[in-house]
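Provided below are the primary sequence and the corresponding predicted coordinates.
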Amino acid sequence: MALLTLAAAHLAYGHVALLDGADFALEAGERVALIGRNGAGKSSLLKILAGIEQADDGLLQMQTGLRRVYVAQEPRFAVGTSVFDAVAEGVAPARALRARYEAHAPGEDLDALQTQIEALGGWTWEQRVQESLQRLHLDAQASMDVLSGGTRKRVALAQALVAAPDVLLLDEPTNHLDIDAIEWLQDLLVEWPGALVLVSHDRAFIDAVATRIVLLDRGRLSSYPGRFAQYQATRERELEAQALSDARADKLLAQEEAWIRKGIEARRTRSAGRVARLQRLRAQRAARREQLGQVRLELDAGQRSGRIVAELEEVSMRFGDKHLIERFSATILRGDKVGLIGPNGCGKTTLLELILGRRQPTAGSVRTGTRLQVAYFDQMRAALDLDATLADTISPGSEWVDIGGQRKHVTSYLGDFLFAPARANAPVRTLSGGERNRLLLARLFALPANVLVLDEPTNDLDIDTLELLEELLQGFEGTVFLVSHDRCFLDNVVTSTLAWEGDPAFGGRPGLWREYEGGYEDWKLQRERARALAPAASAAPATAAAEAAAAPAALRAAPVRVKLSYKEQRELDALPANIEALEAEQRELAQRLASAELYTREPQRVPELQARHEALDAEITQALQRWEELASRAS
């Protein structure tokens with residue numbers, strides 16, 4: 001028997017039907033991922049299942065005594081509450097019963113109270129709270145008022161878990177959590193003995209946790225047993241079949257409309273059945289809810305930047321006694337797509353500001369490239385004026401947007417991001433979290449930029465939009481810096497990774513950052529190998545020192561230093577100027593090839609100049625590699 005069942009549920013806000021006869025059942029031990037477009041009604045459905053909201057129509061049935069706990073996207077706590085008290089709210093019924101038992105009034109049925117307390121685990125509620133705090137690495141005495149969004153989310157999860165509910169309902173549980181916390185939560189939920197319904201757009205998280213996918217699309221719920229990858233394949237086949245069926249119905253309707261316009265023939269008695277069929281076809285077409293359109297994303301890459309975007313040499317950044325970055329070196333080239341990985345507060349944003357030249361290091365040097373046009377996506381959405389309209393946010397003081405040399409009306413441009421024309425003059429504050437992220441992307445992509453900085457762009461975006469954004473960034477010719485906790489998104493976009501590895505538990509030191517080729521999975525594999533080798537590596541110096549001490553003095557040689565030859569040193573000194581000269585020649589060629597005058601006066605030279613332009617790319621790359629090789633040997 002199902003733990004809870006929702007039958008023929010209807011829910012509408014204004015003329016938009018979020019639930020249109022939706023049916024849902026949850027079995028014991030199931031882990032259901034509820035997915036769908038932003039604004040489809042997922043959070044509303046979760047609140048109906050939690051008993052927080054009611055549907056306009058329909059029936060929700062549950063097993064007797066079923067305990068449900070709901071964790072909101074943005075959990076709220078009373079002002080001045082400590083972490084311990086906030087988590088202990090999860091066992092409030094057990095605490096209240098035990099307090100009644102300990103201060104029992106005359107005539108109180110203590111046996112009945114004791115049975116209730118035992119059923120809720122009330123005798124050991126303090127121990128359960130402490131265990132939950134330890135598992136989530138929370139400070140019991142800390143004040144909720146000063147905690148970050150990620151820590152507040154962990155407190156809300158601890159509060160839910162300590163209640164030991166039969167059904168756990170989570171709305172975007174991975175928002176504000178770093179990758180380590182997401183993987184921890186993922187493992188915890190896989191072992192969770194109760195039933196689970198979660199709303200999430202994190203594909204890797206869903207794939208690891210869920211045993212069933214439920215899609216909310218145009219007011220109806222569709223169930224897909226198995227993993228997320230199986231759902232994707234099945235859904236694609238369904239959409240193809242539905243499109244074919246709709247096309248056939250539209251063709252038949254068009255034929256019947258053409259026939260009815262002939263007039264006199266349609267009024268004959270023998271055609272009455274055909275007229276009735278036409279009316280049914282019209283009714284079916286009017287009742288059909290079309291699939292929502294796709295976001296259409298375009299980027300204006302602006303002018304081409306210099307070959308080197310940023311070069312960091314032994315860069316350190318400290319705030320008092322806190323070492324965020326310590327002796328980090330890297331070279332970022334045009335076209336690189338760089339992911340930044342690390343826990344909340346480790347210094348990802350600070351490292352980005354150093355790379356872009358917006359902040360000066362406390363030690364070391366940073367050289368930024370030429371002709372950089374930077375567009376910044378802020379995870380806190382600070383760039384959005386909540387009182388401004390959508391149209392003014394995209395194009396202040398103008399009705400037009402220029403994208404890659406093409407002019408679009410701002411209403412049409414907003415339509416590309418699934419904003420209806422009627423909402424162009426609505427204030428930003430009326431948008432949901434996912435819609436604000438879409439608006440920020442629309443504003444970002446309306447600016448010409450050859451460097452994109454995306455700080456948590458995936459929060460609140462639905463899966464369809466995430467996949468389209470991935471395709472856009474993969475084809476972007478400029479440079480991308482991506483801060484994200486979405487592992488799948490990182491793997492599909494980035495070509496290299498800057499990872500914080502300052503955890504002393506694994507041999508790290510404060511402010512340690514390393515550069516890796518590839519995305520998240522590549523970094524994870526290399527990190528695990530390094531951690532496995534760490535004990536052997538730490539033992540090796542001690543062994544070597546003992547052997548050296550036991551050896552005769554004559555056999556103990558001084559370390560050998562390899563110096564550059566005179567010729568190599570002169571080559572190293574000349575390389576920066578050579579690279580600049582090559583880049584200048586490439587810029588000049590680009591300007592000539594972009595000029596119409598060349599094609600009218602000297603068309604025969606076009607192939608020659610194009611070939612030289614391409615050859616310069618290879619020469620610049622070769623010079624940079626030689627520079628890096630000689631510089632590393634010299635240091």
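Perfect, thanks for sending it.

which strands and helices sit next to the one helix or strand residue 467 maps to?
If you go by DSSP states H and E, residue 467 is part of helix 463-475. Counting contacts by 3 or more C-beta pairs under 8 Å, 6 or more residues apart in numbering; DSSP states H and E, helix 463-475 is packed against helix 487-493. No exception for glycine: its C-beta is placed from N, CA and C like everyone else's.

ok, then the element right after the helix it packs on?
According to DSSP H and E, the helix or strand after helix 487-493 is strand 496-500.

if we can go back for a sec, buried residues in the helix holding residue 467, which are they?
For helix 463-475, burial by neighbour count (16 or more other C-beta atoms under 10 Å) applies to 463, 464, 465, 466, 467, 469, 470, 472, 473.

ditto for stretch 39-55
Those buried within stretch 39-55 under the rule 16+ other C-beta under 10 Å are 39-50, 55.

CA atoms only for that stretch, dumped as CSV, please.
Extracted in CSV, the C-alpha atoms of stretch 39-55 (Å, rounded to 0.1, in the frame of the first residue of the first chain):
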residue,chain,number,x,y,z
GLY,A,39,7.5,27.8,-12.9
ALA,A,40,5.9,24.4,-13.7
GLY,A,41,4.7,24.0,-10.1
LYS,A,42,7.2,21.6,-8.6
SER,A,43,7.6,23.5,-5.3
SER,A,44,3.8,23.9,-5.1
LEU,A,45,3.3,20.2,-5.5
LEU,A,46,5.9,19.4,-2.9
LYS,A,47,4.1,21.7,-0.4
ILE,A,48,0.8,20.0,-1.2
LEU,A,49,2.4,16.6,-0.4
ALA,A,50,3.8,18.1,2.8
GLY,A,51,0.4,19.4,3.9
ILE,A,52,1.6,23.1,3.8
GLU,A,53,-0.7,24.1,0.9
GLN,A,54,-3.9,22.6,-0.5
ALA,A,55,-4.8,21.9,-4.1
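
And the contacts of it?
Residues outside stretch 39-55 that contact it (C-beta atoms under 8 Å, 6 or more residues apart in numbering) are 4, 6, 9-11, 18-19, 22, 24, 26, 34-36, 60, 68-70, 73, 167, 169, 171, 197, 199, 216-217, 219, 432, 434-435.

please redo it, this time with the cut-off set to 6 Å
Outside of stretch 39-55, the residues within contact range by C-beta atoms under 6 Å, 6 or more residues apart in numbering are 9, 11, 18, 34, 36, 68, 70, 169, 171, 199, 216.

next one: stretch 333-343
178, 305, 307, 309, 348, 479-483, 490, 493-500.

can you do 8 Å?
178-181, 304-309, 332, 348, 351-352, 369, 450, 473, 476-484, 490, 493-500, 519-520, 523, 624.

So which of those residues sit within helices?
179, 180, 181, 348, 351, 352, 473, 490, 493, 520, 523, 624 (DSSP state H).

Run a quick neighbour tally on residue 157.
Neighbour count of residue 157, defined by other C-beta atoms under 10 Å: 26.

next SSE after the helix or strand harbouring it?
Residue 157 belongs to helix 149-162 when elements are defined using DSSP H and E. Later in the chain than helix 149-162, the nearest helix or strand by DSSP H and E is strand 167-171.

strands paired with that next one, and their directions?
strand 68-71 (parallel), strand 195-199 (parallel) (DSSP bridges).

circling back: alpha carbons of the helix holding residue 467, as PDB, please.
The C-alpha trace of helix 463-475 is given here as PDB (Å, rounded to 0.1, in the frame of the first residue of the first chain):
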ATOM      1  CA  ILE A 463      17.600  21.000 -16.800                       C
ATOM      2  CA  ASP A 464      16.600  22.000 -20.300                       C
ATOM      3  CA  THR A 465      18.100  25.500 -19.900                       C
ATOM      4  CA  LEU A 466      21.200  24.000 -18.300                       C
ATOM      5  CA  GLU A 467      21.800  21.700 -21.300                       C
ATOM      6  CA  LEU A 468      21.300  24.600 -23.800                       C
ATOM      7  CA  LEU A 469      23.700  26.800 -21.700                       C
ATOM      8  CA  GLU A 470      26.300  24.000 -21.900                       C
ATOM      9  CA  GLU A 471      26.100  23.800 -25.700                       C
ATOM     10  CA  LEU A 472      26.500  27.600 -25.900                       C
ATOM     11  CA  LEU A 473      29.600  27.700 -23.700                       C
ATOM     12  CA  GLN A 474      31.100  24.700 -25.500                       C
ATOM     13  CA  GLY A 475      31.000  26.700 -28.800                       C
END
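
Select only the buried ones of the contacts of stretch 333-343 in PyMOL?
Entered in PyMOL, the line below selects the buried ones among those, by 16+ other C-beta under 10 Å:
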select buried, resi 178+179+181+304+305+306+307+308+309+332+348+351+352+369+450+473+476+478+479+480+481+482+483+484+490+493+494+496+497+498+499+500+519+520+523+624
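
ok, which stretches of the stretch 251-400 of the chain are helices?
Using DSSP state H, counting those that start in this stretch, the helices of the stretch 251-400 of the chain run over 272-287, 348-355, 390-394.

where does the residue most central in space within the chain land in three-state SS?
The centre of the chain sits closest to residue 458, judged by C-alpha atoms, centre = their mean, with a distance of 2.8 Å. Assigned state for residue 458: coil (three-state reduction, DSSP: H, G, I helix; E, B strand; the rest coil).

from the ones in helices among the contacts of stretch 333-343, which is closest to residue 90?
Nearest to residue 90, judged by C-beta to C-beta, of the ones in helices among the contacts of stretch 333-343 is residue 181 at 18.8 Å.

State the pLDDT value of that closest one.
For residue 181, the model assigns a pLDDT of 83.

wait, residue 98 sits on residue 117?
Yes: Residue 98 is within contact range of residue 117, at 5.6 Å (criterion: C-beta atoms under 8 Å).

out of the buried residues of stretch 39-55, which are inside helices?
42, 43, 44, 45, 46, 47, 48, 49, 50.

Disregarding residues adjacent in the polypeptide, which is nearest to the last one?
In space, and not counting its chain neighbours, residue 50 is closest to residue 70: 3.7 Å by C-beta to C-beta, 6 or more residues apart in numbering.

give me the beta-bridge partners of that neighbour?
Bridge pairing for residue 70 - DSSP bridges - gives residue 169.

Where does pLDDT dip in the stretch 351-500 of the chain?
379-383, 404 (pLDDT under 70).

can you pull out the strands in the stretch 401-550 of the chain?
For the stretch 401-550 of the chain, the strands defined by DSSP state E, counting those that start in this stretch occupy 406-409, 451-455, 479-483, 496-500, 513-517.

So which of those is nearest residue 80?
strand 451-455 (31.0 Å).

hang on, the earlier thing: what's the overlap in contacts for residue 98 and residue 117?
residue 123.

can you pull out the strands in the stretch 201-350 of the chain?
Counting by DSSP E, counting those that start in this stretch, the strands of the stretch 201-350 of the chain are 212-217, 220-225, 308-319, 322-333, 337-341.

What lies in contact with the second one?
Right, strand 220-225. So strand 220-225 is in contact with 20-24, 211-215, 230-231, 234-235, 238, going by C-beta under 8 Å, 6+ apart.

So which bits of it are buried?
221, 224.

How far away from the center of its chain is it?
24 Å (C-alpha atoms, centre = their mean, to the nearest Å).

Report the strands that pair with that strand, each with its relative direction.
strand 212-217 (antiparallel).

List of residues touching the partner strand?
22, 24, 30-37, 40-42, 45, 206, 221-228, 231, 235, 291.

If anything else comes up later, I'll come back, but that's it for now.
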